[in-house]
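**Q** Coordinates for the following, if possible.
(one chain, ligands or ions: 1)
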Amino acid sequence: MEKERRPPTAQEMDSYRKRLVEEQERLWSEIRHDLRERLGPEYQDQIATIRDLEELAQADLQEDIVIEAVKARKTMLEEISQALWRMERGEYGKCLDCGRWICARRLAVEPWASRCLDCQKKMEREGRGRS
Ligand SMILES: [Zn+2]
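**A** Residues are numbered from 1 along each chain as shown. As a prediction, the model looks like this:
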């Protein structure tokens, strides 16, 4: 499983980028949906404009409701935005811990992966959680 270590091709990068953006959009529409359900009509316009965690932090919304809506999706959103950022910097596809290329098949399944499977497992064994 872990043997095909190589840089992603341009074509793969395009498809991973597309999937990351789609996933990000999906998570945000869920968050906006949650917020709309929990907050009153006076907040609806504000909610509609929120696109990232920074805008959400700046929005004047009830904090406990925001935390509740974002909670389960925050790690994923952060992983996605970090992956997109690495793409922009030309660093995408390399393991953050060992610097080797992440297996192509792993990226195809989880394009937001920031570590190779070896390092991910090692990290989980050491109980540092995901990041
Ligand atoms: Zn690694």
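**Q** Just want the most central residue of the chain.
**A** Nearest to the geometric centre of the chain sits Ile80, at 2.2 Å (C-alpha atoms, centre = their mean).
**Q** Which parts of the helix or strand encompassing that one count as buried, going by neighbours?
**A** Using DSSP states H and E, Ile80 maps to helix 74-88. Buried residues in helix 74-88, counted by 16 or more other C-beta atoms under 10 Å: 77, 79-80, 82-84, 86-87. C-beta: built from backbone N, CA, C; applies to glycine.
**Q** Skip ahead from it and say which helix or strand is next.
**A** helix 104-109.
**Q** Pull the residues that contact that next one.
**A** Contact with helix 104-109 is made by 1-2, 4-6, 8, 12, 16, 93, 113, 116-117, as judged by C-beta atoms under 8 Å, 6 or more residues apart in numbering.
**Q** let's go with 6 Å and repeat that
**A** Contacts with helix 104-109, where a contact means C-beta atoms under 6 Å, 6 or more residues apart in numbering, come from 4, 113, 117.
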